[in-house]
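J.: Sequence and predicted structure below; questions after.
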Amino acid sequence: MRTLSFRFRDRTTRSLIHLLCFLSTLIYAVNASVAASGGFGIELLSPNNAAIEASGLPARWVIRITGNHPRKITELTFKLAFSAQAGELFDAASPADYVLRDKHGTIVPVEVTLPIPGDYEIFLHPIDDGRHEAREDLTLTLDAGVHKIVGNPLSVSIFDQTNYAVDKTLFIATLVPERSARTTTASGLATIVLNGNHTAAKVTCHFNGLTSVQSAAHLHYASSSNPQQGQGPPIFSLPLGEFDDLEWEIRATQGYSVGDIIDALYQQNGLNIYLNVHTARHASGEIRGAFVAGQGSTSFEPPADPPPLEPLTGDELRRDVARFLIQATFGPDRETIDHLTDQIVNEHGGDRIAGFNAWIDEQLRLDQTSLDTLLYYLDESMFFKAGLPRGGEDEFSGAGQTPHWVHWDVALHAHDQLRQRVAFALSEIVVISKVGNNTIDYVHGAAETYWDMLADHADGTYYDVLYDVSKSPVMGSYLSHLANQKEKRDPVTDEVLFSPDENYAREIMQLFSIGLLELHPDGSLRLDDEGNVLETYSNDDITELARIFTGWGLSKNQGGGENNNFFRTGRGRRFDNQRWIHPMKSFAAYHDTGSKRLLGHTIAGGLDGEGDFRAALAILYQHPNIGPFIAQRLIQRFRHNEPTLVAQRDFDDIFARQNIFLFL
């Protein structure tokens with residue numbers, strides 16, 4: 001092993017080296033002493049690293065000193081430095097974008113002194129300037145001398161909006177011939193769906209009639225305000241052919257910042273973003289279109305009725321039968337396709353709609369396949385193979401996999417394919433998930449019973465779906481209205497100690513029934529006289545509905561006996577656990593019996609949990625949005641990703657007749 005050594009002959013140099021060594025030793029000693037104290041530390045935290053302009057929600061830094069200083073220092077001074085620099089995915093925040101205040105509302109100084117231990121909170125309040133902007137970052141750097149600060153420096157971001165579905169913006173481009181390709185008859189349509197915080201989008205592009213083989217496609221930054229003139233550099237390369245929902249992470253490129261790109265997309269800088277499709281014959285581009293924001297309407301004009309169906313025969317009929325069965329099952333075999341085709345020809349005189357309706361009726365008369373029952377007997381066989389008794393804490397190898405096996409078995413082999421296909425569609429609307437939920441993932445029969453409940457309602461009403469979903473302990477666990485209590489106040493100060501959980505109240509409206517925005521019967525947006533979207537509910541409605549969903553708890557113990565403990569929410573054992581397969585029950589002591597105001601309707605006080613729940617469900621079910629909102633989601637899962645306005649209008653008529661299934 002070789003040792004490298006240096007000899008400094010200059011006296012000044014040697015003195016400096018000695019000084020540096022001394023200082024290093026001193027710093028090391030201080031740090032060692034701090035470490036030895038076992039409790040002292042400094043952290044720079046950001047409990048909320050995103051400020052939202054639209055709502056005024058501030059971002060927050062926290063300077064936190066914990067423990068006692070080993071040298072008995074009782075306070076510590078920090079120098080605060082704020083800086084901003086644009087990056088590939090964000091712009092630099094400027095002082096015009098924010099105001100920095102402490103928790104008392106005082107402007108943040110450049111230097112603060114904190115007691116030990118102690119916290120200091122810094123709030124970045126965004127300034128809403130009315131513009132559509134890219135993400136903007138600001139970095140805080142602390143200087144506390146020789147003291148080490150964990151998490152230093154630390155950045156927060158400013159966004160225009162949150163990332164909920166309501167905050168997305170639709171941009172539409174009609175693709176027409178480039179000026180240099182006037183002879184082409186090609187055309188197309190493209191859309192950009194921009195997320196709420198302006199960091200990413202989904203791009204869709206459909207076209208036809210190109211004169212030659214496509215060679216490329218791009219999104220471009222326009223150099224002219226004229227949507228059909230001016231060439232600009234490509235900012236995002238697109239795949240060949242038509243595509244849907246291509247993910248676009250918006251990045252600085254070609255000398256343009258992310259802010260420049262957002263400005264052009266909203267046409268705030270007089271420019272635009274356009275898409276063009278290049279071909280072998282028209283290398284510079286054959287068709288192009290500039291994106292503009294999509295709009296709804298203030299009044300509803302029913303779309304024209306579709307033309308009458310033409311009768312089909314031979315291979316055309318067989319193809320349509322295959323199309324129908326692909327939509328209505330998990331995938332037909334040739335025998336099933338041939339059988340239904342023969343029935344249409346021989347029993348219904350070639351009327352395929354009559355044949356489809358008869359097939360639906362026949363499917364719904366079949367006995368329902370139960371996932372929970374299949375899982376029980378599959379587990380039983382696995383216990384037997386492992387030589388273990390069923391029950392107790394014993395588990396066979398692979399116990400976590402058998403629930404997946406029964407789902408596959410039903411998809412492949414269940415005779416009631418239509419009923420199971422409807423259950424699958426409903427499960428993608430009234431969603432639960434095993435991911436991140438130890439109860440649903442662990443307890444055998446929890447998710448399977450939930451699925452069986454959805455399948456049972458395949459030929460019922462959506463009211464019944466919402467009723468049973470809301471009382472399901474699995475949904476209660478997933479969206480946290482299980483053991484949800486009424487508001488409690490301090491008897492002396494009247495201070496609110498805790499309030500009802502609002503999670504399920506929000507989700508049942510936003511995702512399960514009426515959606516965020518008012519719709520026309522055909523599913524298009526309903527706008528006010530100023531062209532603004534109309535929200536279906538307010539925060540007050542969420543709060544009131546949360547009060548309705550109070551007092552619901554588990555009705556059974558894991559052994560099947562009556563549960564009388566409102567606060568029992570533990571998952572219990574994996575097998576034969578009755579706790580999660582029976583509907584929740586109302587515990588009167590924890591239910592808010594006061595009057596409520598929901599979506600413009602008053603629910604009288606004095607009702608028990610069941611009465612309040614039924615009254616609220618009736619209000620949601622009678623809302624004009626529920627038909628078109630659920631229509632779009634069911635049509636997407638059975639018929640087409642992009643429902644036509646006529647299809648949605650027809651479904652809304654069917655929905656009013658109470659049956660969620662007739663639209664097939």
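T.: Thanks, I have the structure now. Numbers count the residues shown, from 1 in each chain.
J.: State the number of residues packed around Lys488.
T.: Using other CB atoms under 10 Å, Lys488 is surrounded by 12 other residues. For the C-beta atoms, the positions are set from N, CA and C on the backbone; glycine is no exception.
J.: surely it meets Asp494?
T.: No - Lys488 lies out of contact with Asp494 (CB atoms under 8 Å); the separation is 11.1 Å.
J.: Setting the sequence-adjacent residues aside, check what's closest to the residue nearest in space to the middle of the chain.
T.: Centrality entry for the chain: nearest residue to the mean C-alpha point is Tyr164, 6.7 Å, by CA atoms, centre = their mean. Once flanking residues are discounted, Tyr164 sits nearest to Gly196: 6.3 Å by CB to CB, 6 or more residues apart in numbering.
J.: okay, the one you found: pLDDT?
T.: Per-residue confidence (pLDDT) for Gly196: 91.
J.: repeat for Leu664
T.: 42.
J.: Then Thr184?
T.: 79.
J.: you'd agree it is up against Val277?
T.: No - in this structure, Thr184 is not within contact of Val277 by CB under 8 Å, at 10.2 Å.
J.: Name the residues contacting each of the two.
T.: Leu210, Glu286, Ile287 (CB atoms under 8 Å, 6 or more residues apart in numbering).
J.: which non-adjacent residue is nearest Lys48?
T.: Lys isn't right for residue 48; it's Asn. Among residues not flanking Asn48 along the chain, Arg60 sits closest, at 4.8 Å (CB to CB, 6+ apart).
J.: May I have the strands that pair with the helix or strand the one you found falls within, each with its orientation?
T.: Using DSSP states H and E, Arg60 sits in strand 59-66. Paired strands of strand 59-66, with direction, are strand 41-48 (antiparallel), strand 118-126 (antiparallel) (DSSP bridges).
J.: quick one: Asn208 and Ala186 touch, right?
T.: Yes - at 6.8 Å, Asn208 counts as touching Ala186 under the criterion of CB under 8 Å.
J.: Looking at those two, which has the bigger crowd around it?
T.: Ala186 (21 against 11).
J.: Enumerate every residue touching that one.
T.: Applying CB under 8 Å, 6+ apart, the residues contacting Ala186 are Leu175, Pro177, Phe207, Asn208, Gly209, Leu210, Thr211, Val277, Glu286, Ile287.
J.: neighbours of the nearest residue to it once chain neighbours are set aside, just the number please.
T.: Leaving aside its sequence neighbours, Ala186 sits nearest to Gly209 (CB to CB, 6+ apart; 4.0 Å). A count of nearby residues for Gly209, using other CB under 10 Å, gives 12.
J.: So which bits of stretch 449-467 are buried?
T.: 449-459, 461-463, 465-467 (16 or more other CB atoms under 10 Å).
J.: how about that stretch as PDB, C-alpha atoms only?
T.: Provided in PDB are the C-alpha atoms of stretch 449-467 (Å, rounded to 0.1, in the frame of the first residue of the first chain):
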ATOM      1  CA  THR A 449     -68.700 -10.000  -1.500                       C
ATOM      2  CA  TYR A 450     -68.600  -6.500  -2.800                       C
ATOM      3  CA  TRP A 451     -68.300  -7.800  -6.300                       C
ATOM      4  CA  ASP A 452     -71.200 -10.200  -5.800                       C
ATOM      5  CA  MET A 453     -73.300  -7.300  -4.600                       C
ATOM      6  CA  LEU A 454     -72.600  -5.400  -7.800                       C
ATOM      7  CA  ALA A 455     -73.400  -8.500  -9.900                       C
ATOM      8  CA  ASP A 456     -76.700  -8.900  -8.000                       C
ATOM      9  CA  HIS A 457     -77.800  -5.400  -9.200                       C
ATOM     10  CA  ALA A 458     -76.900  -6.000 -12.900                       C
ATOM     11  CA  ASP A 459     -80.700  -6.000 -13.800                       C
ATOM     12  CA  GLY A 460     -81.700  -3.600 -11.100                       C
ATOM     13  CA  THR A 461     -81.600   0.200 -10.600                       C
ATOM     14  CA  TYR A 462     -78.700   2.400  -9.900                       C
ATOM     15  CA  TYR A 463     -80.500   3.600  -6.800                       C
ATOM     16  CA  ASP A 464     -80.000   0.100  -5.400                       C
ATOM     17  CA  VAL A 465     -76.400   0.100  -6.300                       C
ATOM     18  CA  LEU A 466     -75.800   3.400  -4.500                       C
ATOM     19  CA  TYR A 467     -77.700   2.200  -1.500                       C
END
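J.: How about the secondary structure of the residue nearest to His601 when sequence neighbours are not counted?
T.: Spatial nearest neighbour of His601, chain neighbours left out: Ile619 (5.0 Å); criterion: CB to CB, 6+ apart. Put simply, Ile619 is helix when judged by DSSP: H, G, I helix; E, B strand; the rest coil.
J.: list the contacts for Ile619?
T.: Ile619 sits next to Leu598, Leu599, His601, Ile603 when contact means CB under 8 Å, 6+ apart.
J.: Tell me how far it lies from Thr313.
T.: Applying CB to CB, to the nearest Å, the value for Ile619 to Thr313 is 49 Å.
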